[in-house]
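In: Give me coordinates for this.
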Amino acid sequence: MNETPHRYTAELAGQIEVAWQDRWQEEGTFHAPNPAGPWAEPEKVAGREKLLVLDMFPYPSGAGLHVGHPLGYIATDVYARFNRMAGKNVLHCLGYDAFGLPAEQFAVQTGQHPRKTTEENMVVMKRQLRRLGLGHDDRRTIATIDPDYYRWTQWIFLQIYSSWYDPDAAREDGGLGRARPIAELVEQFASGARPTPDGRDWAALSPGEQHDILDGHRLAYTSEAPVNWCPGLGTVLSNEEVTNEGRSERGNYPVFKRSLRQWMMRITAYADRLSDDLDRVDWPEKVKLMQRNWIGRSQGARVSFPVVGQDAAIEVFTTRPDTIFGATFMVLAPEHPLLDTLVAQGDWPAGTKESWTSGAATPKAAVAAYQLEASRKSEVERQTEGKDKSGVFTGAFATNPATGQQIPVFVADYVLMGYGTGAIMAVPAQDHRDWEYATRFELPIIRTVQPPADHPEDEAFVGEGPAVNSANDEISLDGMGVADAKAAIIEWLQAKGLGEGTVNYKLRDWLFSRQRYWGEPFPIVFDEQGNSHAVPESMLPVTLPDVPDYSPKTFDPDDATSSPEPPLSRVPEWVEVELDLGDGRGVQKYRRETNTMPNWAGSCWYYLRYLDPANAEALVDPENEAYWMGPRDTPVDGAPAGARDPGGVDLYVGGVEHAVLHLLYARFWHKVLFDLGHLSSEEPFRKYFSQGYIQAYAFTDERGQYVPAAEVQETAGEYGGEPMFTWKGQVVNREYGKIGKSLKNVVSPDEMYDAYGADTFRVYEMGMGPLELSRPWETRAVVGSQRFLQRLWRNVVDEETGDVRVVDEPLDSETARVLHRTIDAVGRDFAGLSFNTAIARLIELNNALTKLQAVPRAAAEAIVLMVAPLAPHIAEELWQRLGHTETITYEPFPTADPALLVEETVTCVVQIKGKVRDRLEVAADITEEALREQVMALPKVVAATENGVRTVIVRAPKLVNVVPA
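Out: Residues are numbered from 1 along each chain as shown. Model prediction:
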């Protein structure tokens, strides 16, 4: 016979949790009112502080969630629930970033439409997340694959396409530079306020010429761009999908650098604002630094080096123009467009060293072979420090404008087209890589900065010092420091028309095309002349057609000359259309764009749709956006004094792996929409918190291959030594790693729900350590969190009868003090995302209550209220059993009595000649005289001062130091 039928077990927890989840859904407990639109409840909005709390957009994987995924979701849920109890109007919701390569790959293998796979995966994730008890507003769930959603993704694209960045346009904050409608640029050209590039009247230009000029200004434009082309897969790959060996991560096929027509986003126009405005947001400093490094703003100069014998010049960007006198050769990236005309025709010039030719008969043959070789390497491989420098001479020379010397021009893969101009002036004495190259190819090395006396003679010197060997008949930098030398040479170059001071960025325009099926179609068509046109808003969304084959056409893996053929190109009835675009031209023949947008597109703006997903007329109602995300009167915590509040999501939680590109791209789209007047907020995320990872043990066999962690057996080591681990009888090695399928160490939350219940799982994850740090998963340790909740249950409910055990009696003074100190500390912990310390305090309080003969109602209700954000199901159940009929969700969080927070006694440390010899408890408000009297009466002090006292230092109430005579 079960003597404790009402014990809080996993089975009972499961029953309670599902029942409360059903009730929350039926009653719309977490529905947050809007100020406008279909969910407007002005009476619930007025006078209440709002809070917008969001997690990074999850991808609905076929494997479902593992225990590492919910870490951030639980944290934001605890924070949101706490703030609801603080009286705020809290919006917390979650959707799905559902376009992406995994679903398409599965479709290629099975022929099943990726939408079916994705929606099935979403069903699994929704079930797992619901079972976790997350307080999301379920009305606001969105998915990027829904046409009603990607209609607005396409709409935003059209806003960007139909805009240009005017660097001279004034902003409301007093700065210069913002996006403006492209129609305003057309007006400037048409009126003559802005001259055309060749000075002709705008009306005299052909439609194609006008189109090309506007494309040179649009924030979204097509361009021949260097990409990672993988013929074996038939698609362009992102840098992250290419291994260090220059092969595809999937399939291990060769990857080549090719220039292909691609859609680009002119994110570089916003480089300064993206960098400067980081000072206005409350983000971790390490994340701000990552973004600034990615943007890579640097001061320097552009300098022109005339090509000998040609009407051309090589333009370089350098951050050290003061070293120009030491430029003894030049290097171009293999993709540099000038190579088509610069490479010398015919034989090698007289005096060409054999090491410069790579054994080729002519410069043209050498450069072509080298370009092909370089196209097979990734940028990471090309930039690897310490690798042997390679390159070939182009047969051409350029003139150093400072020395007048003719210097050879090389092509080498350590120079990238993506930074600066794709060409460098090589100053080997002041750059390590140039020194290695000069040494390898027997090129001159001239120091232009005097190194310290102890600097090795056979190494480049990259530090600061006085300029040397830096003079000609018109200017001398010798003896100047770096800053003065830079200023002087820039002024000289500008006066000579050979260069100018400028700012450069590592940030490149954003490649926005994919040769894929499972992505958002572009709302763009091309006329018979190849000019692009926006589809009218009335024709949105442009939906994906069904295709006969989801995979792009593949080619011979080594066929570097092949070109992509996207799946959409196989649906001619969708591609070739006759449309009236409403531009006065009537019905015309057009060809649709057959590339699709990258999976970044839908995740750049989803947080805005959460605010107003039922709005069919606009991206978001301006009143709703201003309410949830608009700027506040005072700057956000963490921003410098005087900074304007940029607005944005109040708390955004996600992994640091998305802290550069996702956040950067979202900020770019947001700023464009702000400039165009669609938003009141300037930044998407006012406060960002970077969560840690949950790690788990993984196991590898003797081949280094991972084996299923769940199947590994542990046996105790001999004589108390290290344990041994085996899999199917063979010894395996144990290591820590991030939980994931590749490491075969996945633990499903479903296992936790069945074995312990969702509340125990939530408490365990929040109690593992600080949220920002990674922490190890240990299933056996979950029982500690379960015991805490079982004790809490027992403090309220009799396990034998199921009756409530609390008594309606006043708190004793000691319990009251412990309770109110816990209330004060836990409230601060919740507000500061310190959930692990909050749990520790609650366990301590719960243990104190357990020692009482009976728990007073005031203490029981207070601890249940404090536990509610962490373990909402058990809290709801106990709250109801304590006699309350309404949900605990909106009950006020307990308030601490300040009078009970004052410490009545403190520990005073007693030192004799600076060494601790005793301690005593004294009143917190004890006077110095009274404390001195008590300490001098202590036996140890009496014994130490029998020969008298030199001095007594009293720091009431915590320290007394006695110095005997």
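
In: Which of the helices and strands in this structure ranks last by mean pLDDT?
Out: Ranked by mean pLDDT, DSSP states H and E, the helix or strand of the chain with the weakest confidence is helix 379-383, at a mean of 71.

In: Distance check, the spatially most central residue of the chain against Leu278.
Out: When Cα atoms, centre = their mean is applied to the chain, the residue found nearest the centroid is Ala659 (1.7 Å). Note on Ala659: its distance to Leu278, by Cβ to Cβ, to the nearest Å, is 12 Å. Glycine gets a C-beta too; all of them are placed from N, C-alpha and C.

In: what comes into contact with the least confident helix or strand of the chain?
Out: Asn239, Val242, Asn244, Glu245, Gly246, Ala374, Lys387, Asp413, Tyr414, Leu416, Gly418 (Cβ atoms under 8 Å, 6 or more residues apart in numbering).

In: Swap in 6 Å and give it another go.
Out: By Cβ atoms under 6 Å, 6 or more residues apart in numbering, the surrounding residues in contact with helix 379-383 are Asn244, Gly246, Asp413, Tyr414.

In: do stretch 663-679 as well
Out: Contacts of stretch 663-679 (Cβ under 6 Å, 6+ apart): 159-160, 178-179, 267, 270, 274, 600, 604-605, 625, 682, 684.

In: Which one of these is nearest to Ala365?
Out: Of all the contacts of stretch 663-679, Ala365 sits closest to Ile267, with 38.4 Å by Cβ to Cβ.

In: Which residues are in contact with that closest one?
Out: Ile267 touches Trp510, Phe668, counting by Cβ under 6 Å, 6+ apart.

In: And the strands in the stretch 51-200 of the chain?
Out: Using DSSP state E, counting those that start in this stretch, the strands of the stretch 51-200 of the chain run over residues 89-93, 163-170, 176-181.

In: quick one: whatever helix or strand comes next after the least confident helix or strand of the chain to chain centroid distance?
Out: Following helix 379-383 in sequence order, the next helix or strand is strand 392-399 (DSSP states H and E). Distance of strand 392-399 from its chain centroid, counting by Cα atoms, centre = their mean, to the nearest Å, is 43 Å.

In: for strand 392-399, what is the average pLDDT?
Out: Strand 392-399 shows a mean pLDDT of 97.

In: And it, what does it pack against?
Out: helix 363-375, strand 406-411 (3 or more Cβ pairs under 6 Å, 6 or more residues apart in numbering; DSSP states H and E).

In: will you turn those into a markdown table that also has mean pLDDT?
Out: Output for the helices and strands packed on strand 392-399, formatted as a markdown table (pLDDT from 0 to 100):
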| stretch | mean pLDDT |
| --- | --- |
| helix 363-375 | 93 |
| strand 406-411 | 98 |
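
In: out of these, deepest packed?
Out: strand 406-411 (a mean of 22; mean count of other Cβ atoms under 10 Å).

In: Just the CA atoms of the following helix or strand past that one, as CSV, please.
Out: As assigned by DSSP H and E, the chain's next helix or strand after strand 406-411 is strand 423-426. What follows is strand 423-426, C-alpha atoms only, in CSV (Å, rounded to 0.1, in the frame of the first residue of the first chain):
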residue,chain,number,x,y,z
ALA,A,423,46.0,45.5,-54.2
ILE,A,424,48.8,46.5,-51.8
MET,A,425,52.0,48.5,-51.9
ALA,A,426,54.3,46.0,-50.3
